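Visitor: sequence plus the predicted model coming up.
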Amino acid sequence: MKIGTCVSLSSIESMPEKLATLRENGFDSCQLIAWNTTIWTDENAEILKQMLADAGVTVSAFWCGWQGPAVWNFYDGQITLGLVPPEYRQMRVQNLCDGADFAHKLGITDVVTHMGFIPENPNDPNFAGFCVAVRTVARHLKGNGQYLLFETGQETPVTMLRCFEQVGEDNLGVNLDTANLILYGRANPVDALDVFGKYVRNLHAKDGCYPTNGHDLGAETPIGQGKVDFRALFVKLHELGYHSHVTIEREIRGDQQLKDILAARDYLQAIISEIYGE
């Protein structure tokens, strides 16, 4: 089981330094976090593919962003995030298909995104339209031999499962963000595996606390200092036969980010070695 981290694909020019830093710190896998849609060109794909090969870095997944507003709270998030808001849906369907095509040129199979605050009520008129949009993207990715992964957080596990059933495509999966389910107050990530465990294809190892008010997400913490029980998580993942990537995500900036990532790697490796014998 490979432990990697996230690398922001903000520009092609910045990638050699980022990949070098990745390798200097003992990582050889990452998720590419890509919000800059303007660099998803054929030329850049060829350049980046060579950079990754030269650096000896495996990309576990392509985290595909989309255009338009994005507010990460419980109020404005409802009307700005993912494919849920109808006014941005068509544009973002195209963004996801374009990003997936770029990832395909890099040889990346798994494409991840946040879908937004999926309606929990299946009778909500917006739910059906949302599912049509997801189906459109999933079918496009299927043509590339790719999977469309929902990153957990904004929806309950049952809501995500219901969406998968409604969309009805066999290339849907989960990028389990271990903290997001807690930060959004949606579920405990260990228990959530009882609902959608068989769909998990990648995970963000992250930690945090539950919300303390009705407007803002809970606080992210260094791994091992929040509410995620990583030992119980990996026990359950092992039972489910999960042997894929573990991607550390620490959403802060500055020198402390790398310090926390390296500490998280050691913390997680000890648990994985105990449970998986690796």
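Guide: Structure received. Residues are numbered from 1 along each chain as shown.
Visitor: which residues of the chain score low on pLDDT?
Guide: Across the chain, nothing is flagged by pLDDT under 70.
Visitor: go through it and flag its longest helix.
Guide: Scanning the chain for the helix with the most residues, using DSSP state H, yields helix 255-276.
Visitor: just the residues contacting that one, thanks.
Guide: 1, 3, 5, 25-27, 205, 222-224, 230-231, 234-235, 238, 243, 246, 248, 250, 252, 278 (C-beta atoms under 8 Å, 6 or more residues apart in numbering). For every residue, glycine as well, the C-beta is placed using N, CA and C.
Visitor: tell me which of these fall in helices.
Guide: 230-231, 234-235, 238.
Visitor: now these in CSV, with distance to Q90 and neighbour count?
Guide: As requested, those are exported to CSV (distance: C-beta to C-beta, whole Å; neighbours: other C-beta atoms under 10 Å):
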residue, distance to Q90, neighbour count
F230, 39, 23
R231, 44, 14
F234, 40, 22
V235, 43, 15
H238, 41, 15
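Visitor: quick one on the thing from earlier: roughly how far is the longest helix of the chain from the heart of the chain?
Guide: Mean C-alpha position of helix 255-276 versus that of the full chain (C-alpha atoms, centre = their mean, to the nearest Å) differs by 19 Å.
Visitor: buried set for that helix?
Guide: By 16 or more other C-beta atoms under 10 Å, the buried positions in helix 255-276 come out as 260-262, 264-265, 267-268, 271-272, 275.
Visitor: before we move on, what about stretch 162-178?
Guide: By neighbour count on 16+ other C-beta under 10 Å, the buried set for stretch 162-178 is 162-164, 167, 169, 171-178.
Visitor: tell me which residues touch Q94, please.
Guide: With C-beta under 8 Å, 6+ apart as the criterion, no residue contacts Q94.
Visitor: element containing it?
Guide: Q94 belongs to helix 86-105 when assigned by DSSP states H and E.
Visitor: which residues touch the very next helix or strand once past that helix?
Guide: Next helix or strand after helix 86-105 toward the C-terminus (DSSP H and E): strand 110-113. Applying C-beta under 8 Å, 6+ apart, the external contacts of strand 110-113 come out as 31, 60-66, 82, 96, 99-100, 103, 141, 146-151, 173, 175, 201-202.
Visitor: what number of residues lie near N188?
Guide: The number of residues packed near N188 is 17, by other C-beta atoms under 10 Å.
Visitor: that one touches I182, doesn't it?
Guide: Yes - assessed by C-beta atoms under 8 Å, N188 is found in contact with I182 at 7.1 Å.
Visitor: overlap in contacts, these two.
Guide: K227.
Visitor: strands of the stretch 151-278 of the chain, residue ranges please.
Guide: Here the stretch 151-278 of the chain has its strands, by DSSP state E, counting those that start in this stretch, at 172-177, 200-205, 207-208, 220-221, 246-248.
Visitor: so which residues make contact with the third one?
Guide: Put plainly, it is strand 207-208. By C-beta under 8 Å, 6+ apart, strand 207-208 touches 178-180, 182-183, 218-228, 230.
Visitor: let's go with 10 Å and repeat that
Guide: Here strand 207-208 makes contact (C-beta atoms under 10 Å, 6 or more residues apart in numbering) with 177-184, 217-228, 230, 249-251, 260, 264, 267.
Visitor: for stretch 120-130, same thing?
Guide: Outside stretch 120-130, the residues that touch it by C-beta under 10 Å, 6+ apart are 82-86, 89, 115-116, 118-119, 131, 155-156, 158-159, 162-163, 165-167.
Visitor: can we see that at 6 Å?
Guide: Stretch 120-130 has contacts (C-beta atoms under 6 Å, 6 or more residues apart in numbering) with 83-84, 119, 159.
Visitor: how about stretch 185-204?
Guide: Stretch 185-204 is contacted from outside by 60-61, 110, 149, 156-158, 160-161, 173-178, 181, 210-211, 229, 232-233, 236, 240, 244-245, 247, 249, using C-beta under 6 Å, 6+ apart.
Visitor: end-to-end on it?
Guide: Length of stretch 185-204, first residue to last, C-alpha to C-alpha, to the nearest Å: 17 Å.
Visitor: buried stuff in it?
Guide: For stretch 185-204, the neighbour count (16+ other C-beta under 10 Å) marks 186-190, 192-193, 195-197, 199-204 as buried.
Visitor: also stretch 109-127?
Guide: Here stretch 109-127 shows 109-119, 127 as buried, counting by 16+ other C-beta under 10 Å.
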